[in-house]
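# Sequence and predicted structure are below.
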Amino acid sequence: MSKFVVVSKYSFPLDANIAKASLDSEGIPALIADEHTVNMQWLYSNAMGGVRLFVPEEFETEAKAILDINFSEDVESAFDEKPEQCSKCSSGNIINFTKGKKPAFLLFIFLGFPLFFYKHGKKCLDCDFFKET
């Protein structure tokens, strides 16, 4: 039976579980210690040394290398998208807008039943162009 060593410590159990999942996906067995204690009394986390992530001794260097990988740029590039532009004036000053909402509300107040004739879309605040979505 191999000896287990601590490869990382975390303040929150969620972070430890994410790290454990990363190691599991690479085929490295991992164990989490003190997860439930910190969940019940999170103020004890620093006093106990946090939530500890253990791996067998023979996987220590590989596990530390995997946990040191920084995925920040990958996450940022996944969410990079072009800002939406107005198709009429090419302005980027676009908002979500519901056209005809006020008259529909007034009709509901006066007639007592709704008449839904409004449209959802995008509106340019510079040229007032409305595009239905």
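Happy to help now that I have it. Numbering: from 1, shown residues only.
# residue ranges with poor pLDDT in the chain?
1, 75, 78, 80-81, 114-116 (pLDDT under 70).
# Around the residue lying closest to A33 once chain neighbours are set aside, count how many other residues there are.
Excluding the flanking residues, the one nearest A33 by C-beta to C-beta, 6 or more residues apart in numbering is R52, at 4.5 Å. (C-beta placed from N, C-alpha, C; glycine too.) Residues near R52, counting by other C-beta atoms under 10 Å, number 19.
# Over to L106?
By other C-beta under 10 Å, neighbour count at L106 equals 10.
# swap in D128?
Considering only other C-beta under 10 Å, D128 is surrounded by 11 other residues.
# how close does it sit to S91?
11 Å (C-beta to C-beta, to the nearest Å).
# Just to be sure, the residue nearest to A33 is in a helix?
No - going by DSSP: H, G, I helix; E, B strand; the rest coil, the assignment for R52 is strand, not a helix.
# quick one, what contacts it?
Taking C-beta atoms under 8 Å, 6 or more residues apart in numbering, we find R52 in contact with V6, S8, K9, Y10, A16, I32, A33, D34.
# Tell me how far the first one lies from I66.
Going back to what we said before, that points to V6. Counting by C-beta to C-beta, the gap from V6 to I66 is 15 Å.
# For the two, indicate the residue with more neighbours.
Higher neighbour count among V6 and I66: I66, with 17 against 13, using other C-beta under 10 Å.
# Show the contacting residues for that one.
Counting by C-beta under 8 Å, 6+ apart, I66 touches S22, L23, E26, I28.
# Just the buried residues of those residues.
The neighbour-count test (16 or more other C-beta atoms under 10 Å) marks S22, L23, I28 as buried among the contacts of I66.
# Give me the secondary structure label for the closest residue to the last one other than its chain neighbours.
This points to I28. Nearest non-adjacent residue to I28, counting by C-beta to C-beta, 6+ apart: F59, 4.8 Å away. What three-state DSSP gives for F59 is helix.
# Count the neighbours of F59 for me.
20.
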